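Undergrad: Need a 3D model of the sequence below.
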Amino acid sequence: MTTTMSDHTVKSFDDDLQHLNHVLAEMGGLAESQLTSAIDALVRRDSELAGRVVQADKRIDDLEQEIGNFTVRILALRQPMAQDLREVVAAIKIAADLERIGDYAKNIAKRALILNQGAPLRPVASIPRMGVLAQQIVKGVLDAYIEKDADRAQAAWRRDEDVDEMYNSLFRELLTYMMEDPRNIGPCTHLLFIAKNIERIGDHATNIAEIVYFLVHGKSLDESRPKGDTTNVAIGD
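TA: The predicted structure is shown next:
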């Protein structure tokens, strides 16, 4: 039988797990918001908004630290087992993925600040579609975590391939722009990094989906991870 929070004889343990879920939900909401704002800052050429995204990343880092400290306390004092242990370990892993998602959103905002100083580029229009899809996947896996819904997590997990396909298309488009006019190389390189950041956000969201699946079922997904990135070029931040 799966243990639920209401099954615990020590109410303070229930409170600990509820607090953990609450902090993780707050962190997830901030990561979603950061991604949305970073893309908006790029599209609207809003340097003030981009600056706020960069500054707000510290809050996500602080929440990851809080979750790390709190989970260590739970492990030391409660010595959880079975489902409870999976719950605590899942929180640690998900927090790490959310922290990286926040970092990638911050990187997008930083590059938006640079791009906003030059003339607009047409390929920027392709970025929001990638960003929206990545944000939907992140939201889907976080909702799956809150609801402990493995099917929903798996559905979001499968959508990462669509993000990869968008990245491949944008990669080719940006290379064409760079070959047509060497003056496009600088700004298009920034857009390539932004697109890769979004693609990596999708990867971290699939990590969370796999964690949720394991949390619910106690076993790993038995499917091969969907992967559509065929560029074979190492671009990172």
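
Undergrad: in this structure, which segments are predicted with low confidence?
TA: 1-11, 123, 223-237 (pLDDT under 70).

Undergrad: Can you tell me which residue sits nearest the middle of it?
TA: If you average the C-alpha coordinates of the chain and look for the closest C-alpha using C-alpha atoms, centre = their mean, you land on residue 101, 3.7 Å from that point.

Undergrad: roughly how far is the host helix or strand of it from the heart of the chain?
TA: Assigned by DSSP states H and E, residue 101 falls within helix 82-115. The gap between where helix 82-115 is centred and where its chain is centred comes out at 6 Å by C-alpha atoms, centre = their mean, to the nearest Å.

Undergrad: Same question for stretch 48-65.
TA: Its chain's C-alpha centre and that of stretch 48-65 lie 14 Å apart, by C-alpha atoms, centre = their mean.

Undergrad: picking that back up, skip ahead from the helix holding residue 101 and say which helix or strand is next.
TA: Moving toward the C-terminus from helix 82-115, the next element (DSSP H and E) is helix 127-147.

Undergrad: Identify each buried residue in the helix or strand immediately after that following helix in the chain, please.
TA: Proceeding N to C from helix 127-147, the next assigned helix or strand is helix 150-158, under DSSP H and E. Neighbour-count burial for helix 150-158, counted by 16 or more other C-beta atoms under 10 Å, picks out 150, 152-154, 156-157. In this view, the C-beta of every residue, glycine as well, is placed from N, C-alpha and C.

Undergrad: for the helix holding residue 101, packing partners?
TA: Counting by 3 or more C-beta pairs under 8 Å, 6 or more residues apart in numbering; DSSP states H and E, the packing neighbours recorded for helix 82-115 are helix 11-43, helix 47-78, helix 127-147, helix 185-217.
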